[in-house]
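1. what's the 3D shape of this:
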Amino acid sequence: MAHTTNYTNTFIEVGEDCPASYGVEPPIAENLSIAALHYRLLSEEPYTRTSDDVLFETHALRKGIDPGDADARAEFFSKGQACLRASPLGKRYGWGTHHDEHGRVAMFPRDSEEYAALAADPAIAHTRAMRSSRKS
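-> Predicted coordinates for the structure are as follows:
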């Protein structure tokens with residue numbers, strides 16, 4: 001059975017303990033981090049990929065797999081995967097992600113008008129990015 005991380009009509013707000021008060025671009029290093037890859041995929045082409053697309057493409061790029069390899073994708077989603085609520089974008093860097101009615105994703109900095117409008121929209125579901133640390 002294939003698992004999915006896709007949301008529809010949902011806004012994932014930044015985590016409660018996110019240290020960034022505005023959207024920060026993750027640092028770019030020679031080996032791109034998960035945060036940098038998520039940022040690149042979502043900033044270059046908003047609303048063109050689903051959460052599953054972003055997560056598999058990130059995995060494929062980090063492992064040297066062809067992102068179009070359907071068998072590798074099926075194997076990747078044969079086990080449950082952490083959704084974008086676990087992405088460093090919402091936990092550390094101050095970006096919320098909006099999932100449209102088709103499950104396609106775009107990101108918005110927490111200090112933007114778009115973020116505020118999505119956060120206040122009663123017509124969509126709301127959740128938060130996961131906390132970075134456990135509460136004691």
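
2. In a strand, Val105, correct?
-> Yes: judged by DSSP: H, G, I helix; E, B strand; the rest coil, Val105 forms part of a strand.

3. can you count the residues close to it?
-> Per other C-beta atoms under 10 Å, the neighbour tally for Val105 reads 26. The C-beta positions use only the backbone N, C-alpha and C, and glycine is treated the same way.

4. same question, Thr5
-> 20.

5. That one contacts Phe76, doesn't it?
-> No: between Thr5 and Phe76 there is no contact, the gap being 10.7 Å when judged by C-beta atoms under 8 Å.

6. Need the overlap of contacts for the two.
-> Common contacts of Thr5 and Phe76 (C-beta atoms under 8 Å, 6 or more residues apart in numbering): Leu55.

7. Nearest the middle, which residue of this structure would you pick?
-> Centrality entry for the chain: nearest residue to the mean C-alpha point is Leu84, 3.7 Å, by C-alpha atoms, centre = their mean.

8. got the buried residues for the longest helix belonging to the chain?
-> If each helix of the chain is counted by residues according to DSSP state H, the longest one is helix 51-63. For helix 51-63, burial by neighbour count (16 or more other C-beta atoms under 10 Å) applies to Ser51, Asp52, Asp53, Val54, Leu55, Phe56, Glu57, Thr58, His59, Ala60, Leu61.
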